[in-house]
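J.: I need the structure of the sequence given here:
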Amino acid sequence: MKVVIVGGVAGGASAAARLRRLDESAEIVIFERSGHISYANCGLPYYIGGAITEESALTLQTPQAFFARFRVTAKVHHEVTAIHPGKKTVSVTNLATGERFEERYDKLVLSPGAKPTQPPFPGLDCETLFTLRTVEDTLRIKAFVERHKPRSAVLAGGGFIGLELAENLRELGLDVTIVQDLPQLMPPFDADMAAFIHNELRRHGVHLALGSAVAGFAPAQGGVDVLLRDKPALHADMAVLAIGVTPDTALAKEAGLELGAKGSIAVDDHMRTSDPDIYAVGDAVQVRHFVTGRDALVPLAGPANKQGRIAADNICGLDSRYGGSQGSSVLKVFDMTAAVTGLSEAAAKAAGFAVDKVVLSPLSHAGYYPGGRPMTMKVVFEKGTYRLLGAQIVGYDGVDKRIDVLATALRAGLAATQLQELDLAYAPPYSSAKDPVNMAGFMADNLARGILRQWHLEDVPALPRDGSATLLDVRTPGEFARGHIEGFVNIPVDELRERLFEVPSGKPVYVICQSGLRSYIACRILAAHGLQAYNFAGGYGFYAAVAKDRCLPQSAAACGLEK
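T.: So this is what the prediction gives:
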């Protein structure tokens, strides 16, 4: 059996290695048009910033090492220009010599990946405009930065690449601006959770031009003008176009293979295309979203590696299936970590789910052990069934651990209420006896039992301020003095029982504290005395972070934050 693989990196290289492990006699050939058969594209921004110091660290496999270990022939600087399904051959051009030839296959695996999205903007040929997708792109940016010592950069796009590159260029001392046509960065996150990312970037001096659409580029004053729609241009010494990626599927289209969303390659759960002898994996393919069951594009390294393995299994006669992608991701933003799995609240609503949520702000580990830092967790589930739909976490230590637990629970089909049952490891330096994930489960269970009633960030503008309800902040007087929501009165939770006479009976009570725990206790006290009490989901720290983001550069008072 002869297997030809078009494209290396995550999907193609994984398929080749798995094929060899399953079939020692197969002839396996990889054609890769770049100069690197397998490289760490997720690490590219960190080489530019200097966190990764050796260029060789970006190369996971060389053709020579791949052949020595697996006896796979990997030909770099070779571009497949056409597929001929009828003849079961591909046309190949050696980019170094110009030689052209045809290669026969019994099975073909397509792993062409995706390319940076480039709308038909003017000025895409500016010498100071870059994209970042390959090692070659990285070396060009690195060389430009070292040679020309730019002082400023504009990054068009607020996704993973844009934010990672912003951090690394900022660490090099550049003045950095991120331009994003949406009103928030990182669309997989809800706007309230993205607020923490915005605040962290601003804290480190990154400028955000949100709601600003790029219209083109123009060389100017030795640098580049980033042209904006209906706004003045931004000038910088360099710019990077990072508004997303587009499946690189011209070969598949010309070969007559069935295509899916946004021109992606349609595959079944065996990673087989509409041609039974052609498989496709990685960023170029359409997959099923694990939560919605709908077709989706999820261009991430983890799914690509798994898909390469599954394609190889099926080529070798094993029955392996891809169960869908849920978009689990984690991102370093200077000192902060942000992570997501499954659907955001907004995405869940757009998909037609009746949505509920819990928001909590626990410490990363036991409060009595030094160094604990708060994280903010948002767990989204289906109203009524409590089926987990997704989760987002922003914070510092322990964020990656909790998102992986939640991703696993989602994959296993657990309800949000079942999170309380998870038996998770505990020691004071790492967690609490009631882990934050357990706490989310306790909250969901309290909702299901009617023990907890919530009010949310989006309810703030409609809070009854006409005396028909009581607005109660149960933090300490010192916390209250440092900032609170306009119209709230302060009764510390530890004094509430003695001061219940100050809370009018017969009226609902909307309660808030710093993280949501003391206000929950206050709600139980109030409920025991016949009052209908609602707890604010996430606490004042959550509210303040969002209000700060949405009101910049206005004053705190304009945000409803009295001081």
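J.: the stretch 1-150 of the chain: strands as residue ranges?
T.: 2-6, 27-32, 38-39, 59-61, 73-76, 78-84, 89-94, 100-104, 107-110, 114-116, 129-130 (DSSP state E, counting those that start in this stretch).
J.: mind putting those strands into TSV with distance to Gln180?
T.: Every C-beta, even on glycine, is put in place using the N, C-alpha and C of the backbone. TSV is the format used below for those (distance: least, Cβ to Cβ, whole Å):
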stretch	distance to Gln180
strand 2-6	33
strand 27-32	32
strand 38-39	27
strand 59-61	31
strand 73-76	35
strand 78-84	33
strand 89-94	38
strand 100-104	43
strand 107-110	32
strand 114-116	16
strand 129-130	17
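J.: just name the most buried of those strands.
T.: Comparing the strands of the stretch 1-150 of the chain by mean neighbour count (mean count of other Cβ atoms under 10 Å), strand 107-110 ranks first with a mean of 28.
J.: now do it: distance to the chain's middle.
T.: Chain-centre distance of strand 107-110: 29 Å, with Cα atoms, centre = their mean, to the nearest Å.
J.: one step back: I'd like the strands of the stretch 1-150 of the chain as CSV, with mean pLDDT appended.
T.: Formatted as CSV, these follow (pLDDT from 0 to 100):
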stretch, mean pLDDT
strand 2-6, 98
strand 27-32, 97
strand 38-39, 76
strand 59-61, 76
strand 73-76, 95
strand 78-84, 97
strand 89-94, 98
strand 100-104, 98
strand 107-110, 98
strand 114-116, 88
strand 129-130, 96
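J.: to Ala351, which of the ones you listed lies closest?
T.: strand 114-116 (23.3 Å; Cβ to Cβ).
J.: neighbours of Ala370, just the number please.
T.: Careful, residue 370 is Pro and not Ala. 9 (other Cβ atoms under 10 Å).
J.: in stretch 169-185, which residues are buried?
T.: Buried positions in stretch 169-185, judged by neighbour count with 16 or more other Cβ atoms under 10 Å: 169-171, 174-181, 184-185.
J.: actually stretch 197-211, not the one I typed
T.: Applying 16+ other Cβ under 10 Å to stretch 197-211 flags 197-201, 204, 206, 208-210 as buried.
J.: which ones among these lie within helices?
T.: 197-201 (DSSP state H).
J.: hang on, the earlier thing: what's the closest of the strands of the stretch 1-150 of the chain to Ser14?
T.: strand 38-39 (8.8 Å).
J.: can you map out the helices along the stretch 151-300 of the chain?
T.: 160-171, 191-203, 250-254 (DSSP state H, counting those that start in this stretch).
J.: could you dump these to a markdown table with mean pLDDT?
T.: Converted to a markdown table, these look like this (pLDDT from 0 to 100):
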| stretch | mean pLDDT |
| --- | --- |
| helix 160-171 | 95 |
| helix 191-203 | 97 |
| helix 250-254 | 96 |
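J.: out of the ones you listed, flag the one nearest Ala415.
T.: Comparing the helices of the stretch 151-300 of the chain under Cβ to Cβ, the one sitting nearest is helix 191-203, at 22.0 Å.
J.: I'd like the distance between Tyr510 and Gly157.
T.: Using Cβ to Cβ, to the nearest Å, we find Tyr510 at a distance of 39 Å from Gly157.
J.: can you check Thr470 too?
T.: Counting by Cβ to Cβ, the gap from Thr470 to Gly157 is 46 Å.
J.: leaving out the residues flanking it, which one is nearest to the residue positioned nearest the centre of the chain?
T.: Geometric centre of the chain, nearest residue: Ser329, 4.5 Å, by Cα atoms, centre = their mean. Spatial nearest neighbour of Ser329, excluding adjacent residues (Cβ to Cβ, 6 or more residues apart in numbering): Val340 at 5.5 Å.
J.: check which helix or strand covers that neighbour.
T.: strand 336-342 (DSSP states H and E).
J.: of Thr470 and Gly157, who's got more company?
T.: Set side by side, Thr470 and Gly157 show more neighbours around Gly157, with 25 against 21, by other Cβ under 10 Å.
J.: my read: that one touches Leu241, true?
T.: Yes - assessed by Cβ atoms under 8 Å, Gly157 is found in contact with Leu241 at 7.0 Å.
J.: ok, back up a step: may I see the buried residues of stretch 197-211 arranged in CSV, with distance to Lys357 as well?
T.: Putting the buried residues of stretch 197-211 into CSV (distance: Cβ to Cβ, whole Å) gives the following:
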residue, distance to Lys357
Ile197, 19
His198, 20
Asn199, 21
Glu200, 22
Leu201, 25
His204, 29
Val206, 29
Leu208, 26
Ala209, 30
Leu210, 24
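J.: name the nearest of those relative to Gly222.
T.: Ala209 (21.8 Å).
J.: contacting residues for the closest one?
T.: For Ala209, the contacting residues are 177-180, 228, 234, by Cβ atoms under 8 Å, 6 or more residues apart in numbering.
J.: cool, Asp277 as well?
T.: 85, 88, 105-108.
J.: and with 10 Å instead?
T.: 85, 88, 105-108, 315 (Cβ atoms under 10 Å, 6 or more residues apart in numbering).
J.: now for these: which two are most distant?
T.: Across the contacts of Asp277 (Cβ to Cβ), the longest gap, 16.0 Å, separates Pro85 and Ile315.
J.: more neighbours: the two, which one.
T.: Shown here are Pro85 and Ile315; by other Cβ under 10 Å, Ile315 has more neighbours (25 against 18).
J.: and the spatially closest residue to that one that is not a sequence neighbour, what are its bridge partners?
T.: Spatially, and ignoring its direct neighbours in sequence, Ile315 is nearest to Lys107 (4.9 Å; Cβ to Cβ, 6+ apart). Following DSSP bridges, Lys107 is listed with bridge partners Val3.
J.: hang on, isn't Lys107 packed against Thr273?
T.: No - in this structure, Lys107 is not within contact of Thr273 by Cβ atoms under 10 Å, at 11.2 Å.
J.: what do those two both touch?
T.: Tyr279.
J.: surely Val405 is within a strand?
T.: No - read with DSSP: H, G, I helix; E, B strand; the rest coil, Val405 is helix and lies in no strand.
J.: what sits against it?
T.: Contacts of Val405 (Cβ under 10 Å, 6+ apart): 341, 391, 419, 422, 424, 435-438, 440.
J.: now with 7 Å?
T.: 422, 424, 437 (Cβ atoms under 7 Å, 6 or more residues apart in numbering).
J.: what is the nearest of these to Tyr534?
T.: Val437 (24.1 Å).
J.: need phi/psi at that closest one.
T.: phi -70, psi -40 (degrees, to the nearest 10).
J.: residue contacts, it?
T.: Val437 touches 402, 405-406, 419, 422, 424, counting by Cβ under 7 Å, 6+ apart.
J.: likewise Gly223?
T.: By Cβ under 7 Å, 6+ apart, the neighbours of Gly223 are 128, 235-238.
J.: where does the stretch 451-563 of the chain dip in pLDDT?
T.: Scanning the stretch 451-563 of the chain for pLDDT under 70 picks out 552-563.
J.: which stretches of it form strands?
T.: 454-455, 470-473, 484-485, 489-490, 509-512, 533-536, 561-562.
J.: who does the third one pair up with?
T.: Within its sheet, and counting by DSSP bridges, strand 484-485 is paired with strand 561-562 (antiparallel).
J.: could you pull out the helices for the stretch 301-450 of the chain?
T.: Using DSSP H, counting those that start in this stretch, helices in the stretch 301-450 of the chain cover 301-315, 345-350, 399-411, 436-449.
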